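**Student:** Any chance you can model this:
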Amino acid sequence: MESATTHFPPVYRLLSTVYPQELMLLAIDTATARASIALHDGQTLRSECTWEAANRHTTTLAARIAQMLEASEVMPADLTAVAVCIGPGSYTGVRIGVALAKGIAVARQLPLIGIPTLDILVAAQPADDRPLYAAFTAGRQRVGFARYRWEDKGWRTETEVIMGTGAEVFAQIDEPARLVGEIETANLPANTQLVVPAPALHLRRAGFLADLAWARLRAGQADDPARLQPLYAR
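**Tutor:** Numbering: from 1, shown residues only. Next comes the predicted model:
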């Protein structure tokens, strides 16, 4: 099967170090009730905004992007790449973010990079010898999580996403580990071995989405907008 990844010429990989002022990546994450956007020029996180979108992704997303661009003195024509969280998460939230990102990328012929929800959350976590369980809310009172482990200067996923109610999924964790993400501590078993870090580490931020996207761009990789599909929780 033909890959959906687009490879860019080597010259594009060098742009971020040669002409950083000419590059600007817009990162969009609307996978859950907490939405986040960011601008990143390949060297610096220029701006970031995270808010409680709840069921208002459609009415708040475009306006927030416009406000961020204006505040950063960046024009839509200045964008040179787009990154988007492709899920899993809320069905409607994921679809709105992916649709807008694909629309921008196609209209302006920009590289598009899709990153899974939990990879963005995990990118913010410090190194730890214990397994890391990362969670997200998926609607209908469901929670999804996957287990990661630190290897070679980064977190690597060890499982597929597991779905269920909070009580159901957290009851399956029977080892000393860290737990991050959109969680209700009331759902944790009384005898849990889980360590829950400070609140700031539970926030999924578009700045980390942008960092992950730039790593792929520097490797000359991007996704085909026509073939990039959301990942939905099942």
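**Student:** What residues of stretch 113-133 count as buried?
**Tutor:** Within stretch 113-133, the residues scored as buried using 16 or more other C-beta atoms under 10 Å are 113-125, 131-133. Placement of C-beta: from N, CA and C, glycine included.
**Student:** Tell me the helices and strands packed up against the longest helix anywhere in the chain.
**Tutor:** Counting by DSSP state H, the longest helix found in the chain is helix 91-108. Contacts defined by 3 or more C-beta pairs under 8 Å, 6 or more residues apart in numbering; DSSP states H and E place helix 91-108 against strand 25-29, helix 57-71, strand 81-85, strand 112-115.
**Student:** Adding mean pLDDT and distance to Gly207, write those out as JSON lines.
**Tutor:** Shown next, in JSON lines, are those (pLDDT from 0 to 100; distance: least, C-beta to C-beta, whole Å):
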{"stretch": "strand 25-29", "mean pLDDT": "98", "distance to Gly207": "7"}
{"stretch": "helix 57-71", "mean pLDDT": "95", "distance to Gly207": "12"}
{"stretch": "strand 81-85", "mean pLDDT": "98", "distance to Gly207": "11"}
{"stretch": "strand 112-115", "mean pLDDT": "98", "distance to Gly207": "12"}
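**Student:** what's the closest of these to Leu203?
**Tutor:** Smallest distance to Leu203 across the helices and strands packed on helix 91-108 (C-beta to C-beta): 10.8 Å, for strand 25-29.
**Student:** give me the number of residues near the closest residue to Ile96 other than its chain neighbours?
**Tutor:** Setting aside the residues directly before and after it, Ile96 is nearest to His57 in space (C-beta to C-beta, 6 or more residues apart in numbering), at 4.5 Å. Look at His57: counted by other C-beta atoms under 10 Å, it has 22 neighbours.
**Student:** and what of Trp51?
**Tutor:** For Trp51, the count of nearby residues is 14 (other C-beta under 10 Å).
**Student:** What of Gln193?
**Tutor:** Residues lying near Gln193 (other C-beta under 10 Å) number 12.
**Student:** And it, how far from Arg149?
**Tutor:** Counting by C-beta to C-beta, to the nearest Å, the gap from Gln193 to Arg149 is 16 Å.
**Student:** Likewise for Ile115?
**Tutor:** To Arg149, Ile115 is 19 Å away according to C-beta to C-beta.
**Student:** what's stretch 149-161 in contact with?
**Tutor:** 88, 118-119, 122-123, 125, 127-129, 131-132, 144-148, 233 (C-beta atoms under 8 Å, 6 or more residues apart in numbering).
**Student:** I'd like the average pLDDT over it.
**Tutor:** Taken as a whole, stretch 149-161 has an average pLDDT of 93.
**Student:** any idea how far it is from the chain center?
**Tutor:** 16 Å (C-alpha atoms, centre = their mean, to the nearest Å).
**Student:** Flag every buried residue along that stretch.
**Tutor:** 150, 155, 157, 161.
**Student:** Within its sheet, name the partner strands of the longest strand seen in the chain and how each one runs.
**Tutor:** The longest strand of the chain (DSSP state E) is strand 142-151. Taking DSSP bridges as the criterion, strand 142-151 pairs within the sheet with strand 132-139 (antiparallel), strand 154-157 (antiparallel), strand 162-165 (antiparallel).
**Student:** Listing request: residues of the protein with sub-threshold pLDDT.
**Tutor:** Scanning the chain with the threshold set as pLDDT under 70 gives 1-21, 185-187, 189-191.
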